[in-house]
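Novice: Here you go, sequence then predicted model.
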Amino acid sequence: MPSDDLTGLKDDMVAFIEGHGMRRFHGFVNYEEVQCISWDSDDDSDGWKKFVELAKDSGAPFLTMHDWVLQRDELDDLMKRLSNAQFTNDEDLEDARWLRAYIGKTGFVQLGWPYQGSVMLYETNTQWYDRYQRLLELSEDFGGIPIDESDQDDEH
């Protein structure tokens, strides 16, 4: 069963990376800014270890590492935006309230390493992180109205 807090996993990753004599660069790799190749762990919970070992074997001098922890102020801001949005429904607000149980927990971890002009990425996240991201996108979509591009294509 997947964990609802990735803090322990993140700590294991730090120890494993340092145990392999590698350094960590604290930074987030954005797909929109660099060419990335995502690691497929095939549902192997220890797939990240193979990822780190491959980085070392490939001569990577460091790994990028990023984690995201749900902060109370971020959740409060999200709830405020959702409640002020013109077309937000009660279910979305209830989902946001439900997320309070995860304040202070790690919901996302990303590892990466550069290789021949691309960044190899390993990412893992919790289910509640996916819910948070969905609500965040909803709150940013023109006051809560998601734009369906397929409808725009049908008009042409």
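Specialist: That came through, no problem.

Novice: all strands of the protein, in order?
Specialist: With DSSP state E, the ranges of strands along the chain come out as 23-26, 36-38, 62-69, 106-115, 118-125.

Novice: For the chain, just list every one of the helices.
Specialist: 7-19, 47-57, 72-84, 90-98, 127-140, 149-154 (DSSP state H).

Novice: so which of those comes closest to Pro114?
Specialist: helix 47-57 (9.5 Å; CB to CB). Heads up, the C-betas are built off the backbone N, CA and C, glycines and all.

Novice: who does the closest one touch, helix- and strand-wise?
Specialist: In terms of contacts (3 or more CB pairs under 8 Å, 6 or more residues apart in numbering; DSSP states H and E), helix 47-57 is packed against helix 7-19, strand 106-115, strand 118-125.

Novice: ok, what's across the strand from the residue lying closest to Gly27 once chain neighbours are set aside?
Specialist: Counting by CB to CB, 6 or more residues apart in numbering, Gly27 lies nearest to Thr64, which is 4.9 Å off, once chain neighbours are set aside. With DSSP bridges as the criterion, Thr64 is bridged to Phe25, Gly112.

Novice: Identify the residue nearest the geometric centre of the chain.
Specialist: Phe108 (4.2 Å; CA atoms, centre = their mean).

Novice: got the helices and strands packed on helix 47-57 as CSV, with distance to Gln86 and mean pLDDT columns?
Specialist: Shown next, in CSV, are these (distance: least, CB to CB, whole Å; pLDDT from 0 to 100):
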stretch, distance to Gln86, mean pLDDT
helix 7-19, 37, 97
strand 106-115, 28, 97
strand 118-125, 29, 97
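
Novice: Count the neighbours of Phe25 for me.
Specialist: Residues contacting Phe25 under the criterion other CB atoms under 10 Å number 13.

Novice: wouldn't it be in contact with Met65 here?
Specialist: Yes: contact criterion CB atoms under 8 Å: Phe25 and Met65 qualify, at 7.1 Å.

Novice: how much space between Thr88 and Ile103?
Specialist: Distance of Thr88 to Ile103, given as CB to CB, to the nearest Å: 21 Å.

Novice: worst-scoring helix or strand of this structure, pLDDT-wise?
Specialist: Least confident helix or strand of the chain, by mean pLDDT, DSSP states H and E, is helix 149-154 with a mean of 49.
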